[in-house]
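K.L.:
compute the structure for the input listed below.
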Amino acid sequence: MKNESNPMVSVIMPFYNCSFVNQAIESVLNQTYSNIELIVVNDGSTMYDDLIKPYLYLPHVKYIEKTNGGTASALNEGIRLATGEIFAWLSSDDLFDSRKVEEQVAFMIKMNADVSYTNYHLINEYNQIIHENAGIHFEHDDDFLTNLTKGCHINGCTVMANLNIFREIGFFNENLRYAQDYDMWSRMAQHYVFHYLDKPLVKYRYHQSMGSILHQNDQIQEAENVKNKYNELLINAIGRRNQQKLATFRQEKKIDDFNVSVSSNFSDSLQLIIPSSPENIILAEFGLAMMNEGTRVQLIGTIEVAAPQSNVDILFKVVRDMEIIATIKRKVKFGRDYQNFTFQVIDLGASIGYHRYLITAECINTESNQTAVRGPVTFSGLSLI
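P.N.:
Presented below is the predicted three-dimensional model:
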């Protein structure tokens with residue numbers, strides 16, 4: 001987002017037979033931020049349009065009527081008419097806090113954010129708060145993306161985004177009647193970080209005539225379809241962003257051993273026998289420098305194992321500086337082919353400085369001396385800032 005002190009915000013309000021629309025409009029008009037245009041899109045309503053008429057004389061209120069096509073089509077019409085730099089969405093039954101736009105714009109400028117969302121309160125039909133701070137957020141972007149693969153935790157009316165994003169990734173999917181927001185955020189999140197402002201700047205109205213109640217089953221099915229569509233793409237986005245963090249960190253800190261991938265000291269043609277507990281062997285190790293307090297380390301290992309008998313349990317231990325930080329138990333089934341095990345561990349306790357990481361292995365339920373690992377074992381460390 002450009003570092004402009006006063007960008008225009010285009011608030012788009014889809015409207016369809018909603019008796020609360022005048023309250024929603026008032027909440028926009030009462031904003032402490034002045035550079036706003038309000039675009040009300042009448043999506044084929046047959047009731048309550050008289051509640052809008054008193055506001056049509058205002059110069060910064062735009063009004064358009066269209067045949068009914070659903071929320072996505074109404075939002076898209078509003079986006080096409082928008083002349084501002086920032087998109088905001090307010091459903092006709094919800095309310096903006098009076099400082100919503102001012103505080104969120106300032107936050108986006110400060111964070112140089114292209115997309116942001118906020119906390120919110122739940123209210124009833126009488127504007128009474130029935131649940132405070134109902135929003136969900138995550139400290140780390142990869143956790144945000146992971147949760148988005150499970151469902152939509154973002155309240156659409158809390159979102160503000162650079163309008164140029166729609167030119168890049170397209171408009172809302174008009175084939176979706178209920179999960180168009182989940183679809184859009186899943187597309188945006190692959191390319192943009194959603195910055196979170198932990199302030200309840202929206203009042204989300206819960207009432208018996210709301211679409212999410214009247215069409216609950218259809219909404220659930222649509223959301224499931226969206227989830228399945230973007231699951232793998234969002235997981236891939238996590239990997240890309242971690243690689244980008246890695247490249248940036250290495251460039252700034254000039255750490256040669258920042259992202260380390262090592263193999264064991266035995267070749268593919270050799271086997272390494274895993275002893276019975278409490279004896280163990282070291283499979284692979286590397287050193288990693290930490291430059292920032294609170295840095296998390298993602299450790300990934302890949303190991304091939306075979307056993308001469310069924311149901312052999314192998315205990316792998318991940319160690320940092322002689323301290324065990326994770327144990328992973330795997331069962332090896334009898335067979336000629338080697339079984340490939342991959343594990344991932346997040347180390348939250350590494351302090352600033354240089355650390356030695358290693359993997360060990362031991363058999364815990366057999367006295368056999370033929371359970372073996374075939375090289376190479378891979379072991380990598382990636383710092384997640």
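
K.L.:
how about the nearest residue to G156 once chain neighbours are set aside, what does it touch?
P.N.:
Once flanking residues are discounted, G156 sits nearest to D181: 4.1 Å by Cβ to Cβ, 6 or more residues apart in numbering. For every residue, glycine as well, the C-beta is placed using N, CA and C. Under the criterion of Cβ atoms under 8 Å, 6 or more residues apart in numbering, the neighbours of D181 are 152, 154, 156, 172.

K.L.:
out of these, grab the one that's most surrounded.
P.N.:
I154 (26 neighbours; other Cβ atoms under 10 Å).

K.L.:
wait, a strand at that one?
P.N.:
No. Counting by DSSP: H, G, I helix; E, B strand; the rest coil, I154 is not found in a strand; it is coil.

K.L.:
can you list the weak-confidence ranges in this structure?
P.N.:
With pLDDT under 70 as the threshold, the chain has low-confidence stretches at 1-3, 209-215, 242-270, 307-310, 334-338, 366-369, 375-376, 385.

K.L.:
how about the helices of it, start to end?
P.N.:
Counting by DSSP state H, the chain has helices at residues 21-29, 71-81, 100-111, 141-148, 164-169, 180-189, 211-214, 216-253.

K.L.:
got the buried residues for the second one?
P.N.:
Think helix 71-81. 71-79 (16 or more other Cβ atoms under 10 Å).

K.L.:
using CSV, write out every CA atom in stretch 67-74.
P.N.:
Provided in CSV are the C-alpha atoms of stretch 67-74 (Å, rounded to 0.1, in the frame of the first residue of the first chain):
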residue,chain,number,x,y,z
THR,A,67,-31.3,-7.8,-10.9
ASN,A,68,-30.7,-10.3,-8.2
GLY,A,69,-27.4,-12.2,-8.6
GLY,A,70,-26.2,-12.7,-5.1
THR,A,71,-23.6,-11.0,-2.8
ALA,A,72,-20.7,-11.8,-5.1
SER,A,73,-22.3,-10.0,-8.1
ALA,A,74,-23.2,-7.0,-5.9
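
K.L.:
make TSV out of the helices of the chain and add distance to N365.
P.N.:
Shown next, in TSV, are the helices of the chain (distance: least, Cβ to Cβ, whole Å):
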stretch	distance to N365
helix 21-29	64
helix 71-81	57
helix 100-111	52
helix 141-148	34
helix 164-169	52
helix 180-189	44
helix 211-214	51
helix 216-253	34
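
K.L.:
looking at those helices, which is buried most?
P.N.:
Stretch with highest mean neighbour count among these: helix 180-189 (a mean of 23; mean count of other Cβ atoms under 10 Å).

K.L.:
then it to CSV, C-alphas only?
P.N.:
What follows is helix 180-189, C-alpha atoms only, in CSV (Å, rounded to 0.1, in the frame of the first residue of the first chain):
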residue,chain,number,x,y,z
GLN,A,180,-17.7,-16.2,-2.1
ASP,A,181,-15.7,-14.5,0.8
TYR,A,182,-13.9,-17.7,1.7
ASP,A,183,-13.0,-18.2,-2.0
MET,A,184,-11.7,-14.6,-2.3
TRP,A,185,-9.6,-14.7,0.9
SER,A,186,-8.1,-18.0,-0.1
ARG,A,187,-7.0,-16.5,-3.4
MET,A,188,-5.7,-13.3,-1.9
ALA,A,189,-3.8,-15.2,0.9
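
K.L.:
got the angle between that helix and helix 141-148?
P.N.:
Helix 180-189 and helix 141-148 meet at an angle of 150 degrees, taking axes from the mean of the first three to the mean of the last three Cα atoms, to 10 degrees as the criterion.

K.L.:
test my guess that Y48 contacts Y16.
P.N.:
No. Look at Y48 against Y16 with Cβ atoms under 8 Å: they stay out of range, at 9.2 Å.

K.L.:
the more surrounded of these two?
P.N.:
Neighbour tally, Y48 and Y16, criterion other Cβ under 10 Å: the higher count belongs to Y16, 22 against 17.

K.L.:
for N217, see how far away F138 is.
P.N.:
28 Å (Cβ to Cβ, to the nearest Å).

K.L.:
repeat for Y357
P.N.:
49 Å.

K.L.:
do the same with M8
P.N.:
M8 sits 40 Å away from N217, going by Cβ to Cβ.

K.L.:
now swap in L382 and tell me
P.N.:
Distance, L382 to N217, using Cβ to Cβ: 42 Å.

K.L.:
list the contacts of L95.
P.N.:
Contact partners of L95, counting by Cβ under 8 Å, 6+ apart, are 23-24, 27, 123, 127, 202-203, 205.

K.L.:
among those, which one lies nearest to I303?
P.N.:
V202 (48.8 Å; Cβ to Cβ).

K.L.:
now Q23. Nearest residue, chain neighbours left out?
P.N.:
Distances taken as Cβ to Cβ, 6+ apart put L95 closest to Q23, at 6.3 Å, once the chain neighbours are dropped.

K.L.:
which residues are in contact with F87?
P.N.:
9-10, 12, 79, 159-163, 165-166.

K.L.:
6 Å instead?
P.N.:
When contacts are counted by Cβ atoms under 6 Å, 6 or more residues apart in numbering, F87 touches 10, 161, 163.
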